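Visitor: here's my sequence, what's the structure:
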Amino acid sequence: MENAMLQVALDAALEAGKFLRMNVGKVKHVERKQGQETNLVTEIDKKAEELIIRKIRNRFGNHHFLGEESGGNQSTSDYKWIIDPLDGTTNFTHGLPIYCVSIGLEFQGELILGAVYDPNYDELFSAEKGKGAFLNGRRIRVSTISKLIDSLLVTGFPYDVRTKADSLLRHFNNFLMETQAVRRLGSAALDLCYVACARFDGFWEAALNPWDIAAGVLIIEEAGGTYTDLRGFPSSIYNKELLVSNGIIHDQMVDVLKRGLK
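Guide: Modelled structure (predicted):
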């Protein structure tokens, strides 16, 4: 059954991703989510989510859904699909090819599979609990970088950055001083996958939602990485704080973050 669920997730991610790429530059309506001036949503986000849910529901009609745009449905199922139809909406609306589709699945509160598709590079990341992480069907692993000064990190800023700029920039500045470099791409799901396949060595962010990270967190863990909150404590996708790394530099990252949290 899990193989069937993964295949549905992969098919849905691929179809939605191709839909996104076909509609670059065709956005007609850009809305700002209530109380969040820079948090955008377009009709493309909504249509992509509808496509994903319809494809999953055709096979698993009684399952629960949590989508960024449509919210949740009423269901007694032990399965919950957690969907971000377009992670990187701001990039998408500007024609910047850094965005993706993210689909995760929980069973009784535990993540069991994830799929993230980048239609611009035709890269499909996937994982099943206990079975490893993959990129286009090939096994991936986190990096082996052991010193923070040799690491390439990535981060993101929340939509309410203007109210938290001091603490966010403090973390950013601290890591700039301790690492080889820091990047900001604008897609948390891709950030996670890039740590999983060793393009980045670590990623932190302070204000995320379950749909941003559900698939990517499992992909990270199945690729051998470590996932905690910013203080190094065990976490969950329902905690807005996230720190992931190759595991080797994790404690070093926690130490830097603790300095910024004071």
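Visitor: just give me the neighbour total for Ser70.
Guide: Residues lying near Ser70 (other CB atoms under 10 Å) number 15. C-beta here means a position set from N, CA and C on the backbone, and glycine is covered the same way.
Visitor: look up phi and psi at it.
Guide: Dihedral pair for Ser70: phi -100, psi -10, per degrees, to the nearest 10.
Visitor: quick one: it and Leu51 touch, right?
Guide: No - counting by CB atoms under 8 Å, Ser70 does not reach Leu51; the two are 11.8 Å apart.
Visitor: any idea which helix or strand in this protein has the lowest mean pLDDT?
Guide: The least trusted helix or strand in the chain, going by mean pLDDT, DSSP states H and E, turns out to be strand 30-32, with a mean of 61.
Visitor: quick one, strands of the stretch 151-262 of the chain?
Guide: With DSSP state E, counting those that start in this stretch as the definition, the stretch 151-262 of the chain shows strands at residue ranges 152-155, 181-183, 202-205, 226-228, 242-245.
Visitor: save those strands as CSV, and put in mean neighbour count and distance to Arg141 too.
Guide: Output for the strands of the stretch 151-262 of the chain, formatted as CSV (neighbours: other CB atoms under 10 Å; distance: least, CB to CB, whole Å):
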stretch, mean neighbour count, distance to Arg141
strand 152-155, 22, 16
strand 181-183, 15, 20
strand 202-205, 28, 15
strand 226-228, 21, 13
strand 242-245, 27, 13
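Visitor: can I get those strands in CSV with mean pLDDT and distance to Tyr194?
Guide: Shown next, in CSV, are the strands of the stretch 151-262 of the chain (pLDDT from 0 to 100; distance: least, CB to CB, whole Å):
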stretch, mean pLDDT, distance to Tyr194
strand 152-155, 98, 7
strand 181-183, 97, 9
strand 202-205, 97, 8
strand 226-228, 98, 15
strand 242-245, 98, 10
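Visitor: please render those strands as JSON lines that adds distance to Phe134 to the earlier fields.
Guide: Listed next are the strands of the stretch 151-262 of the chain as JSON lines, based on distance: least, CB to CB, whole Å:
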{"stretch": "strand 152-155", "distance to Phe134": "21"}
{"stretch": "strand 181-183", "distance to Phe134": "24"}
{"stretch": "strand 202-205", "distance to Phe134": "19"}
{"stretch": "strand 226-228", "distance to Phe134": "18"}
{"stretch": "strand 242-245", "distance to Phe134": "18"}
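Visitor: picking up where we left off before, need the overlap of contacts for Ser70 and Leu51.
Guide: By CB atoms under 8 Å, 6 or more residues apart in numbering, Ser70 and Leu51 have no common neighbours.
Visitor: my read is that Phe92 contacts Val24, right?
Guide: Yes - the criterion here is CB under 8 Å, and Phe92 meets it with Val24 at 6.9 Å.
Visitor: between those two, which one's more packed in?
Guide: Using other CB under 10 Å, the more surrounded residue of Phe92 and Val24 is Phe92, with 26 against 17.
Visitor: give me the three-state assignment for that one.
Guide: Taken by DSSP: H, G, I helix; E, B strand; the rest coil, the conformation at Phe92 corresponds to helix.
Visitor: quick one: low-confidence parts of the stretch 101-250 of the chain?
Guide: The stretch 101-250 of the chain contains residues with pLDDT under 70 at 159-165.
Visitor: try it again with 90
Guide: 157-169, 207 (pLDDT under 90).
Visitor: for the longest helix along the chain, output the C-alpha coordinates as CSV.
Guide: Longest helix of the chain, by residue count under DSSP state H: helix 2-22. Below are the C-alpha coordinates for helix 2-22, written out as CSV (Å, rounded to 0.1, in the frame of the first residue of the first chain):
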residue,chain,number,x,y,z
GLU,A,2,2.8,2.4,0.9
ASN,A,3,4.4,1.9,-2.5
ALA,A,4,1.0,2.8,-4.1
MET,A,5,0.8,6.0,-2.0
LEU,A,6,4.3,7.0,-2.9
GLN,A,7,3.6,6.5,-6.6
VAL,A,8,0.5,8.7,-6.3
ALA,A,9,2.5,11.4,-4.5
LEU,A,10,5.2,11.2,-7.2
ASP,A,11,2.7,11.4,-10.0
ALA,A,12,0.8,14.3,-8.4
ALA,A,13,4.1,16.2,-7.8
LEU,A,14,5.2,15.7,-11.4
GLU,A,15,1.8,16.7,-12.9
ALA,A,16,1.5,19.8,-10.6
GLY,A,17,5.1,20.8,-11.3
LYS,A,18,4.6,20.7,-15.1
PHE,A,19,1.4,22.7,-14.6
LEU,A,20,3.4,25.4,-12.7
ARG,A,21,6.1,25.6,-15.4
MET,A,22,3.5,25.9,-18.2
